[in-house]
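**Student:** missing the sequence, but the structure's below:
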């Protein structure tokens, strides 16, 4: 435990390194619920963004390896300007432990 460097018992700005990090959806995902909501919406761009969020949450390198894809290629495919092939989407879902199914 650090002891304050001044006599008033307060920390000065130099006493402690501050870490500030932007909130990222990938940090707090219920993956199945997230994908279910995205698929219900039906927007392909939203699905692409969601897969990118999930891949970051699980580790892009690990997902790419499990899916048999290059990490850089996966980043590119799931980027806002990317256009992933259907096979890429299926491989990523499988790497995440999911499968596509149809329900009426």
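**Tutor:** In hand now; what should we look at? Computed from a prediction, not measured in an experiment: that's the story for all the values here.
**Student:** residues contacting residue 99?
**Tutor:** Contacts for residue 99 (C-beta atoms under 8 Å, 6 or more residues apart in numbering) come out as residue 93. Every C-beta, even on glycine, is put in place using the N, C-alpha and C of the backbone.
**Student:** What distance do you get for it to residue 20?
**Tutor:** Distance, residue 99 to residue 20, by C-beta to C-beta, to the nearest Å: 39 Å.
**Student:** Also residue 38?
**Tutor:** Residue 38 sits 29 Å away from residue 20, going by C-beta to C-beta.
**Student:** swap in residue 64?
**Tutor:** Noted for residue 64: a distance of 29 Å to residue 20, by C-beta to C-beta.
**Student:** The two: which is more packed in?
**Tutor:** The residue with more neighbours, out of residue 64 and residue 20, is residue 64; 21 against 4, by other C-beta atoms under 10 Å.
**Student:** Pull out the buried positions in the helix of greatest length in the chain.
**Tutor:** Counting by DSSP state H, the longest helix found in the chain is helix 44-58. Of all the residues in helix 44-58, those buried under the rule 16 or more other C-beta atoms under 10 Å are 47-58.
**Student:** Point out the other helices and strands that that helix packs with.
**Tutor:** The helices and strands touching helix 44-58, judged by 3 or more C-beta pairs under 8 Å, 6 or more residues apart in numbering; DSSP states H and E, are helix 31-41, helix 86-95.
**Student:** Kind regards, and thank you for your time.
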